[in-house]
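Colleague: sharing a model that was predicted from the sequence below.
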Amino acid sequence: MSMDLSEFLDVFLEECFEGLEVMESGLLNLDEGTDLEEINTIFRAAHSMKGGSAAFGFNHISEFTHVMETLLDQLRSGKRGVDRASVDLLLASVDVLRAMVEGLKSDERPDEEVVSDLTRRLQATIEALPDQAEEEAAGEKARPEETGAKNEEADSAESEAGEESGPPPADPPQAQDAPPSKPRLVKSSGARESSSIRVSIEKVDLLINLVGELVITQSMLNQVGEAILQRGGPEAESLLNGLAQLERNTRELQENVLQIRMLPISFAFNRFPRLVRDLSNKMGKKVELVLTGEQTEVDKTVLEKIGDPLVHLVRNALDHGLETPEARTAAGKPEKGRIELGAQHESGNIVIRISDDGAGLDREKILKKAVEKGLVNGREELSDERIDNLIFQPGFSTADRVSDLSGRGVGMDVVKRNINDLGGTVAIQSEPGKGSTVTIRLPLTLAILDGQLANVGEEIYILPLISIVESLQVRTGNLKSVAGAAELYRFRDEYIPIIRLNRLFGIRGGTDDLEKGLLVVVEAEGQHVGLFVDGLLGQQQVVIKSLETNFRQLQGLSGATILGDGRVALILDVPGLVRLFHETMNRPAAIAAVS
């Protein structure tokens, strides 16, 4: 009987990528010194990939992995010492394997010349050992007795997979070695495999959407229940108690369903040891990378979109932040620089910090460049924080020369835009001679939002709590009007522009008297602005509905939600709102047209 393995292909590919991560991480750890257990882990991952690819008939992968596995076997048997050249060669092999696996999804193969060249280099390294043939022959006889019964389960699993699809390439010494460390296509007795299942993200998203609808329905029922309670009657109190229980259960269900999409941020962090290693070698810098909070969980969608901004920031810390070993020594610092990448939960958000102990930002140079570009007025006095955050402006760069790493003025503004699109904020703090820290604040999930409800006329808007600094009553003594510019309000030590939402969105019925409304101070685009609203209605978690999916994208709005009374409330995109305000400042006639 033949077996159709095509349905297992997605599982195989996912396990291949997991194995590649294990190999790369283990090889990077070998830079710190020889660790037999680490070498065994790398070997098992390679061995598992070789067997799986042979079972599917991907012989180009199994044959290349076999050569790589032979070199790993020399390392774990002690025939060869771990050195940087071997680690570099194996890391390059992991890159080729990754390209091969990725090519399976698009029916493409990596450059044959690159594969052949790397295979020759691997073979030459393997054959460089004297009397290798005799040592391998001895090893074949010794291994079954050394490994003993602990490998019987692995042998059984290998034979089960191989019966239907054919055995992997001939490889007696390696085939009976340690069991694979990752889940295989056949059932295993390991607790890890039996404690989880693989579910497509589409099914999870559908479940989350349904729970979101349930939350909205429950909120509607609550309002109906309160109306019934006011009228009284023997059943009213029982109904309200039942609705309260439904609310608790719904909230618990929502929180647990959202947890399904949560993944440790290590999935985003794992690429950086390799990145830092390669770039530091290229730039001639010595760097220690410290990762903390890798198990901090975040929504899968956030995780997927935060990767590129983090790469920009770490590369920037390496290129601009850390000095060369000679410069560090001259400044009385250790010649090895330090970059810290950490994550933690704070007040319902995830906070990611990228710190370095480098030279810090050159504020004089930044300010000079900003004046040249017309980003600031040369007569304006700016705080250190405001100067530091000028680096997030589009096209801004202080690099004296353009390299393949930086200097083109792209990167930091992209970082800010991508983080803003996720509903988060980014800021930088720096101390000359001591280093810089970039702080990113993000919501844990994009499915729900902690929001502040505010009314403008008859409309209700929702402001993300993460953006709000303070809400206050307007004092006319702090107002300032500038001809041809926005109304300004003195907030602490600065004047901030006032954005009247009723005028910006063309809403009728909203108050125009600043003393009768409230000013909600928010932070966006590296500055504070005041949003003028009629009043605040309370805070609540809301289920986010996409405007783009259900209607069309609108500047200044990030989505919508359905309130308990069935009304639709629009969710404000604070950075987009600020951009829209600045655009309309020079087009007064357009303000009335915005609706």
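Modeller: All right, it came through fine.

Colleague: in a helix, Val11, correct?
Modeller: Yes - using DSSP: H, G, I helix; E, B strand; the rest coil, the assignment for Val11 is a helix.

Colleague: from Lys105, how far out is it?
Modeller: For Val11, the distance to Lys105 (Cβ to Cβ, to the nearest Å) stands at 14 Å. (Glycine included, C-beta is placed from N, CA and C.)

Colleague: repeat that for Arg417.
Modeller: Arg417 sits 29 Å away from Lys105, going by Cβ to Cβ.

Colleague: now swap in Leu258 and tell me
Modeller: For Leu258, the distance to Lys105 equals 29 Å [Cβ to Cβ].

Colleague: of the two, which one has the most company?
Modeller: Taking neighbours as other Cβ atoms under 10 Å, Leu258 and Lys105 compare with Leu258 leading, 18 against 10.

Colleague: please identify the helix or strand for that one.
Modeller: Take DSSP states H and E as the rule and Leu258 turns out to sit in helix 234-260.

Colleague: continuing past that helix, what's the next helix or strand?
Modeller: Downstream of helix 234-260, the next assigned helix or strand under DSSP H and E is strand 262-264.

Colleague: adjacent strands (with direction) for that following strand?
Modeller: Counting by DSSP bridges, the strands paired with strand 262-264 are strand 297-299 (antiparallel).

Colleague: could I get the average pLDDT for the partner strand?
Modeller: Strand 297-299 shows a mean pLDDT of 88 in the predicted model.

Colleague: what does whatever helix or strand comes next after it contact?
Modeller: Per DSSP H and E, the first helix or strand lying C-terminal to strand 297-299 is helix 300-316. Contact with helix 300-316 is made by 201, 261-263, 265, 267-268, 271-272, 275-276, 279, 298, 339, 341, 350, 352, 354, 405-406, 411-412, 414-415, 418-419, 421-422, 426, 438, 440, 442-446, as judged by Cβ atoms under 8 Å, 6 or more residues apart in numbering.

Colleague: all strands for the stretch 1-150 of the chain, in order.
Modeller: In the stretch 1-150 of the chain, no segments count as strands under DSSP state E, counting those that start in this stretch.

Colleague: quick one: low-confidence parts of it?
Modeller: Low-confidence segments of the stretch 1-150 of the chain (pLDDT under 70): 1-7, 31-34, 130-150.

Colleague: mind listing the helices for it?
Modeller: Under the criterion DSSP state H, counting those that start in this stretch, the stretch 1-150 of the chain contains helices at 9-30, 36-55, 59-76, 84-106, 112-127, 132-147.

Colleague: any idea of the angle the helix holding Leu258 forms with helix 300-316?
Modeller: 40 degrees (axes from the mean of the first three to the mean of the last three Cα atoms, to 10 degrees).

Colleague: would you mark the buried spots in helix 234-260?
Modeller: The neighbour-count check on helix 234-260 (16 or more other Cβ atoms under 10 Å) flags 236, 239, 243, 246-247, 250, 254, 257-258 as buried.

Colleague: over to stretch 275-282?
Modeller: 276-277, 279-280.

Colleague: again with stretch 115-122
Modeller: Neighbour counts over stretch 115-122 (16+ other Cβ under 10 Å) mark 115, 118-119, 122 as buried.

Colleague: as CSV, those residues with distance to Lys368 would be great.
Modeller: Output for the buried residues of stretch 115-122, formatted as CSV (distance: Cβ to Cβ, whole Å):
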residue, distance to Lys368
Val115, 50
Leu118, 47
Thr119, 53
Leu122, 52
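
Colleague: which members of these are the farthest-apart pair?
Modeller: For these, the maximum inter-member distance is 10.5 Å, found between Val115 and Leu122 (Cβ to Cβ).

Colleague: what's the single longest helix in this protein?
Modeller: The single longest helix within the chain, with elements called by DSSP state H, is helix 201-231.

Colleague: by contact count, what packs against that one?
Modeller: Here helix 201-231 touches helix 234-260, strand 535-543, going by 3 or more Cβ pairs under 8 Å, 6 or more residues apart in numbering; DSSP states H and E.

Colleague: adjacent strands (with direction) for the shortest one?
Modeller: Take DSSP bridges as the rule and strand 535-543 pairs in its sheet with strand 448-456 (antiparallel).

Colleague: could I have the strand it pairs with exported to PDB, CA atoms only?
Modeller: C-alpha atoms of strand 448-456 as PDB (Å, rounded to 0.1, in the frame of the first residue of the first chain):
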ATOM      1  CA  ILE A 448      -8.800  44.200  20.900                       C
ATOM      2  CA  LEU A 449      -8.000  47.700  22.100                       C
ATOM      3  CA  ASP A 450      -8.000  49.400  25.500                       C
ATOM      4  CA  GLY A 451      -9.800  52.600  24.600                       C
ATOM      5  CA  GLN A 452     -11.100  55.900  26.000                       C
ATOM      6  CA  LEU A 453     -14.500  56.800  24.700                       C
ATOM      7  CA  ALA A 454     -15.000  60.500  23.900                       C
ATOM      8  CA  ASN A 455     -18.000  62.300  22.400                       C
ATOM      9  CA  VAL A 456     -17.800  65.100  19.800                       C
END
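
Colleague: now the angle from that strand to helix 201-231?
Modeller: Using the same axes, to 10 degrees, the inter-axis angle of strand 448-456 relative to helix 201-231 is 50 degrees.

Colleague: would you tell me what the next helix or strand after strand 448-456 is?
Modeller: Assigned by DSSP H and E, the successor of strand 448-456 is strand 459-464.

Colleague: list the contacts of the nearest residue to Phe43 once chain neighbours are set aside.
Modeller: Excluding the flanking residues, the one nearest Phe43 by Cβ to Cβ, 6 or more residues apart in numbering is Leu72, at 4.6 Å. Contacts for Leu72 were tallied using Cβ under 8 Å, 6+ apart; they are 39, 42-43, 46, 90.

Colleague: I'd like the average pLDDT over stretch 309-318.
Modeller: 91.

Colleague: okay, now the domains of the chain?
Modeller: Here the domain assignment for the chain is 6-164+172-177, 201-260, 276-443, 448-591, based on automatic domain parsing.

Colleague: gap between the two ends of the shortest one?
Modeller: Read it as domain 201-260. One end of domain 201-260 sits 10 Å from the other (Cα to Cα, to the nearest Å).

Colleague: next one: it to chain centre, how far?
Modeller: Relative to its chain's centre, domain 201-260 lies at 32 Å (Cα atoms, centre = their mean, to the nearest Å).

Colleague: state which strand of the protein is the longest.
Modeller: Using DSSP state E, we find that the single longest strand of the chain is strand 336-346.

Colleague: ok, residues contacting the next helix-or-strand element following it?
Modeller: Next helix or strand after strand 336-346 toward the C-terminus (DSSP H and E): strand 349-356. The contact list for strand 349-356 (Cβ under 8 Å, 6+ apart) reads 265, 296, 298, 302, 306, 310, 313-314, 317, 321-322, 337-345, 424, 435-444, 466.

Colleague: and those, which are buried?
Modeller: 265, 296, 298, 302, 306, 310, 313-314, 317, 321-322, 337-343, 424, 435-436, 438, 440-444, 466.

Colleague: residues in contact with Leu318?
Modeller: 276, 279-280, 283, 285, 287, 339, 405.

Colleague: ok, these vs Ile228, which is closest?
Modeller: When these are ranked by distance to Ile228 (Cβ to Cβ), Ile339 comes first, at 60.0 Å.

Colleague: list the contacts for the closest one?
Modeller: Ile339 touches 276, 287-290, 314, 317-318, 321-322, 354-356, counting by Cβ under 8 Å, 6+ apart.
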